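*Asks:* with the input below, show me the fold.
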Amino acid sequence: MEEALALHKVISSAWVELGSTVDTAAHTVSTEIGSFSVYGILQREPAVEGTLAVDVTNIVDIAEAGGTTSFTVQLTTEPDGDVLIDVDSEDTGEAQVSLDACSTSTDSTSLTFTSAEWSTAQTVDVCAVDDDVVDGDQTVTIIVSVNTDGTVATNYGIADPVEVTITVTDDDVAGIAISDQTGTTTNETGSTITFGLSLTSEPLSDVTINIISSNTDEGTVSPASANFTIDNWDTAQTVTVTGVNDDPPIDDGPIDYFVDFEVDATINDGASYTAGLDLNADSVALTNDDDDAAGILISNQTGDGTTSEDGVTTVTFEIELATEPVASVQINIASSEPLEGDVDMAAVTFNNLASGNPGSWNDPVTITVTGVNDDIEDGDFPYTIDFEVDATFNDGGVYTNLLDLTGDSIALTNTDDDILGVFVTAPTPDSSTNESSNSMIDGESITFTVVLGTDPDANVDIIVTSDTPAEGLVSDDASTFFNTITLTFTPSGGLSDWDLPQTVTVTGVQDLAVDGTIGYNIDFSITTSDTTGYAAFDSTTLQIALTNIDDDSAIGTAAVDGTTVTDNTTPIVVVYDFEMTPSGESIDLTTGAFVGNAFTTGWDSTGTNPFDRLTITPTGTWSDGVGIVIINANDLNALPANELTVTMTVDTTAPMAGAAKNISALSKSPRKASKVQRAFNS
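*Replies:* Model prediction:
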C-alpha cells in the first residue's frame, strides 16, 4: 500500500513530510513510512529574482531657486532578507536627494526594504541646487541601485539599476546690477552722486566692466572700470559721478547724460561675459544742472525737516539767486499749508549789485519757518515752502513769473501736539465726600475739572452722572446738585469754549444711616455730532471712583442686645436710626419680661403682649428718621433681683420701605444727640 506524503512548508522554503525529523545543519530529512525508513536530502525552493520598481509619475522640472520634485521606489517581489537601495545624484552641483522633503539634502542616500515591507513604496525627494552660474538648463540623472554589500536577500543580487532624469532650470542671467544710487542729478558746481556696481551671476573667470560717461563735458566717472572675480562678483563696487562746470560758463540749462557700461574686450570669461554682452538697458540716466541758469539756491537748512505746533521747533534756510539778474527781482515765499507752517518773510528782493551791497543777488537771506498750532488732532502734517518770481517785480529777462521754481520747494512736516480726548483732573482735595452737613444733599464736597483736548467741529456734550445718588450728587455751579448734569463744549467760530475747563462739584448726601463709608462712581458719556473723533471717544475710561464718609454712629450707654438693668438705675435710651423717614412699619423691642414705666418719645406703643413684647411703630415725628425709646427700670418686679435683660430685634415681616434699616445706639452726630437729649429731658 502506498502512503502519500503530506508536504508542509518549513525552514528556508524546504518541503518535508509532517512528523519528519529535520537536520538543518546537515540539510537532511528522515521519516518512517510503515516499516520502512526513508532518508533524503533537504532541498531549498529557489526564491524568485526581484527587480526595482521606480514611479516617476510626479517628476517635474525644477528651478535652481528652491525647486523640488519626487519619485517613489519599491520592490517587485518579496525578498528573502533585507534589501539596501542606494539613491545617488550624478550632478550634485545641480541637484541633491533627500528623504525629508528637502529639509536636508545630500549627494547620496539609501532606502531599506524588508520581507515584511517590501511592497510599500518609499519616497525620494530631489532638491535643486542654486549655483549662481549662467550654465543654462541642466539634466541631472538620479541612479537607483541595489547595494550588494548591504543587501542580505539572495534574490536581489542582480537587479538592474534604474535611472531617473530630472531637468534643473537655470535662474542665472549674465549682467550688471546697480544699487544704492544716491541721486540722479549732478551740478556744475561739482556735486556728485554715487552708486554700487556688481555682476548678476558668477563668471567663469575674471571680468572687467568698463564705465563710460556719455558726455564728459557734463559728468565724469571714477573709476573708469571695475574688475570682478569668481570671489567678489556679487560685492558692489562704488562708482562716483561728478558734475562738470561749463568752461566758459554757458547758460545751457540742465543737460541729460548717461553712465554706460561694457564688458572689456580683453578681460572677460569668454562665456556668458564677453564684449558682445548688451548692457545698454543698465545705463544710469543722470542730469547735470547748469549753475549759470536763472533760479534760486537753497542752502544751510537747519533741523530734520520738521516744525512743531508749539512753535519751539523751527526750520531756517538761506536763499539767494543762482545767477545775476539784469534788474531787481522779487522772490515770493509761501507755505503750501499756512495753518501748519508760517514763513517770517513773504518776499525777498534781490538786485544786480555785486556781493557786499545791500540786496545783492548772491548774498544769502535767512528765512525762518515756524509751526502753527491748529488745535486739531490731525497728526504730523506735511507741507512745503514754495517759491515764485513775482509777476510784476522781475527783470523781464530770465527771471520772470514763468520761471519754474517748483523743484526748489522745501518739504517739511509740522508735528502735531494736539491729543483728541476728554481730560478730567483728579478730585480735589481728595477722592472722598462726607455726609456731614446742615442739609440732606449738601455734605462735604470735592471738585474736578473737565476740558476737551482738541477743537471739535460741533458741540460736544459731556454727561456727568453719579451712579449712586443716595451717596453723592453733581453740580456745575456748586449750588444746585443733581444726579446728572451736562457740560457743553463749543467749537471755534461759536462760543469757542472747548478749551476752557469746566468745574464739577460733587457733594456727599446725608442718609442718616449708620452704613459706614460707601463707594460710588462718577460716570461720563458723550453726545455729539462732531466728526473729528469725539463721537467715538471711549468715555468709560474717565470714570472717577469716590467714597462717601458716613457721619452716623452710636452714642449712649445702653443700646446693645443683652443689656442688663436693675431698679433705680439710669434709664436706658435706645435709638432707632433709619435710612429714610419712617412710614408706619413695625419694629419689635423684645425684653423677655414686663417693662415697667416704659414710654416712647415720638412713637406710638402698640405692643400686643405687654408682658414680654413691645412693638414700636414709627409715627414720622422725627423727620430725620430717628426714633427714641427710653426704658425706666425702676419697676422691674417680674424679674429676680429686679433685673431686666433687653434684646432688640427687627420685625422682618414688615420691613421699612426703601433701604435696609439699622438698630443702633444713640448717634454720635451732635445734631442727633441734641434731639435725643431734648427728648430725654422732657
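
*Asks:* SS state for residue 239?
*Replies:* Classification of residue 239 into helix, strand or coil gives strand, according to DSSP: H, G, I helix; E, B strand; the rest coil.

*Asks:* low-confidence stretches in the chain?
*Replies:* Residue ranges of the chain with pLDDT under 70: 1-47, 247-252, 355, 437-443, 512-513, 552-682.

*Asks:* so what strands line up beside the lengthiest strand in it?
*Replies:* For the chain, the longest strand by residue count, based on DSSP state E, is strand 518-528. Each strand that pairs with strand 518-528, with its direction, by DSSP bridges: strand 460-466 (antiparallel), strand 544-549 (antiparallel).

*Asks:* list the contacts of the longest one.
*Replies:* Counting contacts by CB atoms under 8 Å, 6 or more residues apart in numbering, the residues outside strand 460-466 that touch it are 422, 450, 452, 472-474, 483-489, 498, 504, 506, 520-528, 530, 534, 539. Glycine gets a C-beta too; all of them are placed from N, C-alpha and C.

*Asks:* for the next helix or strand after it, packing partners?
*Replies:* Beyond strand 460-466 on the C-terminal side, the first helix or strand identified by DSSP states H and E is strand 472-475. Here strand 472-475 touches strand 460-466, strand 484-489, strand 502-508, strand 518-528, going by 3 or more CB pairs under 8 Å, 6 or more residues apart in numbering; DSSP states H and E.

*Asks:* let's see 7 Å
*Replies:* strand 460-466, strand 502-508 (3 or more CB pairs under 7 Å, 6 or more residues apart in numbering; DSSP states H and E).

*Asks:* could the ones you listed be laid out in a markdown table, adding distance to residue 187 and mean neighbour count?
*Replies:* Written out in a markdown table, the entries for the helices and strands packed on strand 472-475 read as follows (distance: least, CB to CB, whole Å; neighbours: other CB atoms under 10 Å):
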| stretch | distance to residue 187 | mean neighbour count |
| --- | --- | --- |
| strand 460-466 | 54 | 20 |
| strand 502-508 | 59 | 22 |
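
*Asks:* distance to residue 406 for these - can I get that in CSV?
*Replies:* What follows is these, written out as CSV (distance: least, CB to CB, whole Å):
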stretch, distance to residue 406
strand 460-466, 41
strand 502-508, 48
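
*Asks:* for residue 446, find the nearest of the ones you listed.
*Replies:* For the helices and strands packed on strand 472-475, distance to residue 446 was read as CB to CB. The smallest value, 5.3 Å, belongs to strand 502-508.

*Asks:* let me see the contact set for residue 255.
*Replies:* When contacts are counted by CB atoms under 7 Å, 6 or more residues apart in numbering, residue 255 is found next to 215, 218, 287, 288.

*Asks:* and those, which of them are buried?
*Replies:* Among the contacts of residue 255, the ones that count as buried by 16 or more other CB atoms under 10 Å are 218, 287, 288.

*Asks:* what about those residues, which are in strands?
*Replies:* When strands are assigned by DSSP E, the members of those inside them are 287, 288.

*Asks:* which of the buried ones among the contacts of residue 255 lies closest to residue 126?
*Replies:* Of all the buried ones among the contacts of residue 255, residue 287 has the smallest distance to residue 126: 51.3 Å, by CB to CB.

*Asks:* for the residue nearest to residue 328 when sequence neighbours are not counted, give its distance to residue 171.
*Replies:* Distances taken as CB to CB, 6 or more residues apart in numbering put residue 351 closest to residue 328, at 4.5 Å, once the chain neighbours are dropped. Distance check for residue 351 against residue 171: by CB to CB, to the nearest Å, it reads 64 Å.

*Asks:* same deal with residue 451?
*Replies:* Using CB to CB, one obtains 64 Å as the distance from residue 451 to residue 171.
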